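Q: This is the structure alone, sequence omitted:
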C-alpha cells in the first residue's frame with residue numbers, strides 16, 4: 001500500500017533491481033511500483049462470487065489437496081472453518097470410490113478440460129459424519145502462477161432425487177390405476193355384450209308373442225285390456241331396441257376393425273347414399289368440403305357421420321335444412337364438423353347428450369333411444385380423437401370431432 005501526493009492510498013506491487021556503475025559496482029537500486037487496484041478489486045469480486053454461490057465450490061491443486069472452499073461447502077459437508085484446507089479432496093467421497101477417484105483425478109490432470117463428472121451414472125458425496133448424498137459435479141481447470149488447479153462445483157441434488165422418486169411413484173400408481181381401469185372397462189364391456197346378446201333371444205320371443213297376442217285379441221276384449229296390451233307391446237319393443245343399442249355400443253371396442261388408410265370422401269358418399277331417402281324427403285341441402293384421407297375404421301367412421309347427419313335431419317326446424325360438412329387441420333389433428341340450421345342444442349346439455357340413453361325431448365316427439373352420440377363418442381375416442389358440441393354456435397347446431405394424423409393403435 002502506498003500513499004499518493006493527494007493523501008489517498010493505493011495498492012501497488014513493487015519490484016526492485018540493483019543499479020550498477022560502468023565498472024559493475026553496486027551504486028543503488030531501482031524500484032518500480034505498479035498500481036494493482038483493479039486486479040485486487042477483481043480478486044475480491046471473485047472471492048465474493050465464490051462465497052455467495054449456493055453450490056459448494058472446492059479448489060484443489062494438482063495433487064488433489066484442497067486449497068479453497070466456500071461457506072456452502074463447509075455447511076453442506078459438515079466441516080468447520082478451514083478444517084478442509086490442505087486435506088485430500090478424497091475425504092469428500094464415499095470410501096469405495098477413493099481408489100477409483102485417484103486414478104480419475106490423475107487422468108484429468110493429464111488433459112484438463114472443463115466437463116461434468118459421472119455422465120450416465122449417479123454420483124454421491126460424503127459428509128464429515130460419513131453420511132452420503134447425491135450430487136452433480138462440474139470440473140474446470142484454472143491456470144495460476146502456482147500451477148494448474150481444479151475448480152470443483154458440487155451441487156446437492158437430494159431434493160431433486162426425492163422429487164423424481166415421488167414423481168416416479170405417482171406415475172407407477174397412475175399406470176396401475178390405468179391398467180385397473182382398462183381391465184374394469186373391458187370387463188364391463190364384455191358384461192354388456194354378453195348380457196345384451198343373451199337377452200336378445202328371450203326378448204325377441206316376448207315381442208313376437210306379444211305381437212301375436214295383440215293381433216288376435218285387440219278389439220275382442222274390453223277397452224282396458226286393449227290399453228294393457230298396447231303398453232306391453234310398446235314396452236317390449238322399446239326394451240328390444242335398448243338391448244340392440246347396448247349391444248351396438250359394446251361392439252365399438254370389442255369388434256372394431258383395424259385402422260386403414262381411407263378417403264373420407266368415399267365414406268361420406270356411402271353414408272349419403274344410405275340417407276338419400278331422408279335427405280330427399282326433408283329437402284335437405286348438403287354442402288361439403290373436400291375431405292382428406294385418414295387412418296380409421298371405415299365402418300365406424302361412417303357410423304359417426306351417419307349419426308351426426310341423421311341427427312341434423314331429425315332435429316330440423318321449420319326453415320329449409322342446410323347441412324355443411326367441413327374439415328380443418330393443424331399439425332397433429334384433422335377436425336371435422338357437421339353444422340346445420342336446425343333447432344340446435346342448448347349449451348347446458350353439451351355434455352349430457354353424449355351420455356348413453358340421454359334424450360332431450362319427450363318420447364314420441366322424436367324417434368331414437370339416445371344412444372347415437374354415445375356410440376359416436378366411443379368410436380372417436382377409440383381413434384384417439386374427441387367429439388363435442390360447439391356451444392358457440394347460435395343458429396342450429398355444430399358438432400366437431402378430431403382424428404389424429406398420426407396412426408393410432410386400434
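A: It's in. This one's a predicted model, so the numbers in the text were calculated from it and none came from an experiment.
Q: Local confidence estimate at the residue nearest to residue 312 when sequence neighbours are not counted?
A: Distances taken as C-beta to C-beta, 6 or more residues apart in numbering put residue 340 closest to residue 312, at 3.8 Å, once the chain neighbours are dropped. For glycine as for every other residue, the C-beta is placed from the backbone atoms N, C-alpha and C. Confidence at residue 340, expressed as pLDDT, is 93.
Q: how about residue 340, phi and psi?
A: With angles defined as degrees, to the nearest 10, residue 340 sits at phi -140, psi 170.
Q: what separates it from residue 324, distance-wise?
A: Separation of residue 340 from residue 324 (C-beta to C-beta, to the nearest Å): 8 Å.
Q: Just want to know which of the two has more residues nearby.
A: The neighbour count for residue 340 versus residue 324, taken as other C-beta atoms under 10 Å, is higher for residue 340 (26 against 17).
Q: my guess is the more buried one contacts residue 397, does it?
A: Yes: assessed by C-beta atoms under 8 Å, residue 340 is found in contact with residue 397 at 5.9 Å.
Q: what do these two both touch?
A: Common neighbours of residue 340 and residue 397 (criterion: C-beta atoms under 8 Å, 6 or more residues apart in numbering): 312, 315.
Q: Now name the helix or strand holding the closest residue to residue 217 other than its chain neighbours.
A: Ranked by C-beta to C-beta, 6+ apart and with sequence neighbours excluded, the top spatial neighbour of residue 217 is residue 229, at 6.8 Å. In the assignment (DSSP states H and E), residue 229 maps to helix 223-254.
Q: Check which residues of that helix are buried.
A: 229, 233, 236, 240-253 (16 or more other C-beta atoms under 10 Å).
Q: again, but for stretch 66-79
A: Neighbour-count burial for stretch 66-79 [16+ other C-beta under 10 Å]: 66-70, 72-74, 76-77, 79.
Q: So which of the residues you listed is the closest to residue 392?
A: Each of these was checked against residue 392 using C-beta to C-beta; the closest is residue 72, at 55.8 Å.
Q: these two touch, right, the closest one and residue 57?
A: Yes: if you go by C-beta under 8 Å, residue 72 and residue 57 touch, sitting 7.1 Å apart.
Q: Just the pLDDT at the spatially most central residue of the chain, thanks.
A: Nearest to the geometric centre of the chain sits residue 171, at 11.9 Å (C-alpha atoms, centre = their mean). Here, the pLDDT recorded for residue 171 equals 95.
Q: now do residue 362
A: For residue 362, pLDDT reads 67.
Q: Same question for residue 359.
A: Reported pLDDT for residue 359: 69.
Q: What is the longest helix along the chain packed up against?
A: Longest helix in the chain, counting residues (DSSP state H): helix 158-217. Here helix 158-217 touches strand 132-144, helix 223-254, going by 3 or more C-beta pairs under 8 Å, 6 or more residues apart in numbering; DSSP states H and E.
Q: Make a markdown table out of these and add mean pLDDT and distance to residue 393.
A: Output for the helices and strands packed on helix 158-217, formatted as a markdown table (pLDDT from 0 to 100; distance: least, C-beta to C-beta, whole Å):
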| stretch | mean pLDDT | distance to residue 393 |
| --- | --- | --- |
| strand 132-144 | 91 | 54 |
| helix 223-254 | 81 | 27 |
